[in-house]
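Chemist: my questions are about this predicted structure, shown below with the sequence.
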Amino acid sequence: MSQPTLTQLEREVRLAIDRLADGQMSHEEFADLERRLISDQQFRLVYVEQSDMRSELEHHLRSHPPLANRSNDTSSRSWGIPFAVALSILMLLGFANLYFIDSWKTAIFGDPMLDFAETQLAGQGPIAIVISRSEEADAGSPLQVGDRVKPGALRLNRGDLKLEFLSGVRVQLTGPAEMHLLTEHQATLLSGQAGVVTPPDSDSFSLNGPVSAVANGSSEFVFRVKDLSHGEVDVYQGEVMASLLGPSGDTLLNELVSADHFALFANGDLSVAAKSFDDSERVDMVPVDNLYLNSTEQYAEAVMADRPLVYLRFEDGDVVGDQVINHMGDHHNGIIHSAGDGSIDISGGRVRFSKSKRGRHVSLSEPIESINRREFSVEFWVRTDRMHWGTFFGLLPVTQADPEKESHLCVIEYANQTNVVHRPATIRMLYRYPPTTYDGGKNIFTPNSCTPGIWTHIVAVKTSDSIRLYCNGQLQINLDDLDFDDTSPYNAVLGQLDSVRPMRQFEGQLDEVAIYEKALTEEQIRQHYEIISGPPKT
């Protein structure tokens, strides 16, 4: 979207100043003006310049004798007070420190939804990611959806905030509440309510308060803290150990709280009893998002116009037996390799992968010849169920050096707590040539997060001089000489690391999978992304 010219900005600024001076600006318009002055530097500079010019003109006019009024209109306009107000806004925005700005905004617009103070420790990495919040965040708001969160103090004044810790544990904080985020396995609830869901394969997670609630394995519970002397733990699923701690932090008393029971701490005593829970009391830990990708015929037409070799849409009627039709022709159809336990489900226009003890994946009916000879691209939409290490897509040599351990030309995966250094909840592209080795290769990671529960657009591109990875339109590049005369055929695998081992299984949904024998341009990628997501906000 084109940026406004300087002349357009000057007109907008003069109109805003005039409306403010005439008292015609509503509270909503004033709020919009304040937000724009904070977020738009160019608009702010023009506003200061125009306000200064008006103020200087007002000064010179006041220094001369008043002119005789030759019209019958006896009304006059005094600009001094309105311009003083306008300049005061700019002074507050430009020179006041954060405390005074926040105090001023609070006085006018009320408390923000949340406040977060991050610990200032060198080398401390993120421990969680924001997966949803009940209010839309403005430009200056802390903890927006997709943000990685380090340890710190979180105060929620209202609404709901959902976090997923790197351990896989999900926590929904309901305001007003205050919580201290300590590690990926531990947090402290000082007040308010927190709902917690721990996955089956998670390590121990402790939510501290007047008592300490420790969960091992799959569980679901709600912790409510009234004050430091009163707390309640409602257990809906699994088991939670409620521990009463002494002044030094040592455990004085343990009580195991099983499903359909609650633990009550009051006046120094800890008691456990049975309790019936209504479904409405349970915390929904799935982020608020469309469960099905809103793909349109316009999107499909745009993809097919760019001529992919393979285009798997997983629409109703696309599955015939164990095959998924390729919308680009009779070759390279998808083949479903089921574990027989429902861990692959194709319905509603997407394929869902669930965790299985056995291998399950989708491959192609035939290898792709010479895809690595020049350039190629892989494009898809993904919605992860949770933060984990799982493979979306892999290109594998047909001839493997080890039949028990397949090697890769290219892997695109959800990277969380892997054996390489990277930010959590990111997308990784690994390219390795020659692929008949298990060591080395070139990595590239997206700077932005792939948030659980939210559809994300991924495009991986290999050219003669780089590998490129796009996540929701944001690009990362790793430059190198990659011009190979490689005519080998390669298999494609969706949903796990390879076709042999049930390793790094992806848990979530994939849709609109396209493989191109060329490098998509940035314009083509942006067009595909914006058809579904809409143009970027300005």
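Modeler: Looks like it came in fine.
Chemist: tell me which residues of whichever strand or helix holds E10 come out buried.
Modeler: Per DSSP states H and E: E10 is located in helix 6-21. By 16 or more other C-beta atoms under 10 Å, the buried positions in helix 6-21 come out as 9, 12-13, 16-17, 19-21. All C-beta atoms are positioned from the backbone trio N, CA, C, and that covers glycine.
Chemist: just send those residues back as a markdown table, with pLDDT and distance to F445 too.
Modeler: Listed next are those as a markdown table, based on pLDDT from 0 to 100; distance: C-beta to C-beta, whole Å:
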| residue | pLDDT | distance to F445 |
| --- | --- | --- |
| L9 | 73 | 37 |
| E12 | 81 | 40 |
| V13 | 78 | 41 |
| A16 | 80 | 42 |
| I17 | 79 | 46 |
| R19 | 76 | 47 |
| L20 | 75 | 46 |
| A21 | 72 | 51 |
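Chemist: the most centrally placed residue in the chain: what's it in contact with?
Modeler: Closest to where the C-alpha atoms of the chain average out (C-alpha atoms, centre = their mean) is G146, at 2.5 Å. Counting by C-beta atoms under 8 Å, 6 or more residues apart in numbering, G146 makes contact with 129-130, 448-449, 451, 454.
Chemist: return the helix or strand in this protein with minimum mean pLDDT.
Modeler: The helix or strand of the chain with the poorest confidence is helix 98-109; it has a mean of 48 (mean pLDDT, DSSP states H and E).
Chemist: next helix or strand past that one?
Modeler: Following helix 98-109 in sequence order, the next helix or strand is strand 114-118 (DSSP H and E).
Chemist: what helices or strands is that next one leaning on?
Modeler: strand 152-156 (3 or more C-beta pairs under 8 Å, 6 or more residues apart in numbering; DSSP states H and E).
Chemist: so which residues make contact with the strand it packs on?
Modeler: 113-119, 143, 161, 173-181, 192.
Chemist: quick one: it to strand 114-118, angle?
Modeler: 180 degrees (axes from the mean of the first three to the mean of the last three C-alpha atoms, to 10 degrees).
Chemist: neighbouring strands for the helix or strand following strand 152-156, and are they parallel or not?
Modeler: Once the chain leaves strand 152-156, the next helix or strand it forms, by DSSP H and E, is strand 160-165. Here strand 160-165 has these sheet partners by DSSP bridges: strand 128-133 (antiparallel), strand 170-183 (antiparallel).
Chemist: between these, which one is closest to P403.
Modeler: The closest of the strands paired with strand 160-165 to P403 is strand 128-133. By C-beta to C-beta, the value is 38.0 Å.
Chemist: now find how far off-centre that closest one is within its chain.
Modeler: Distance, stretch centre to chain centre, for strand 128-133: 7 Å (C-alpha atoms, centre = their mean, to the nearest Å).
Chemist: and what of stretch 499-519?
Modeler: On the basis of C-alpha atoms, centre = their mean, stretch 499-519 sits 20 Å off its chain's mean C-alpha point.
Chemist: start to end distance for it?
Modeler: One end of stretch 499-519 to the other measures 26 Å (C-alpha to C-alpha, to the nearest Å).
Chemist: buried residues in that stretch?
Modeler: 499-500, 502, 504-519.
Chemist: rounded mean pLDDT for it, please.
Modeler: Here stretch 499-519 scores 96 as its mean pLDDT.
Chemist: please apply the same query to stretch 263-282.
Modeler: The pLDDT scores in stretch 263-282 average 84.
Chemist: what's in contact with it?
Modeler: With contacts defined as C-beta under 8 Å, 6+ apart, stretch 263-282 is touched by 195, 210-211, 213, 220, 222, 229-236, 240, 242, 244, 253, 255-257, 260-262.
Chemist: buried by neighbour count, from those residues: which ones?
Modeler: With neighbours counted by 16+ other C-beta under 10 Å, the contacts of stretch 263-282 contain buried members at 195, 210-211, 213, 220, 222, 231-236, 240, 242, 244, 255, 257, 261-262.
Chemist: angle of the helix or strand W381 falls within against strand 160-165?
Modeler: W381 is part of strand 376-384 when elements are defined by DSSP H and E. Angular relation of strand 376-384 and strand 160-165 on a 0 to 180 degree scale: 120 degrees, by the same axes, to 10 degrees.
Chemist: note down every partner strand of strand 376-384 and its orientation.
Modeler: In the sheet, strand 376-384 lines up against strand 456-462 (antiparallel), strand 508-516 (antiparallel) (DSSP bridges).
Chemist: re the thing from before, the contacts of stretch 263-282 in strands, which ones?
Modeler: Residues of the contacts of stretch 263-282 located in strands (DSSP state E): 195, 213, 220, 222, 230-236, 240, 242, 244, 253, 255-257, 261-262.
Chemist: nearest to G168 among the contacts of G146?
Modeler: I129 (11.3 Å).
Chemist: what pLDDT does that closest one get?
Modeler: For I129, the model assigns a pLDDT of 93.
Chemist: now it: closest residue in space that isn't a chain neighbour?
Modeler: A425 (4.8 Å; C-beta to C-beta, 6 or more residues apart in numbering).
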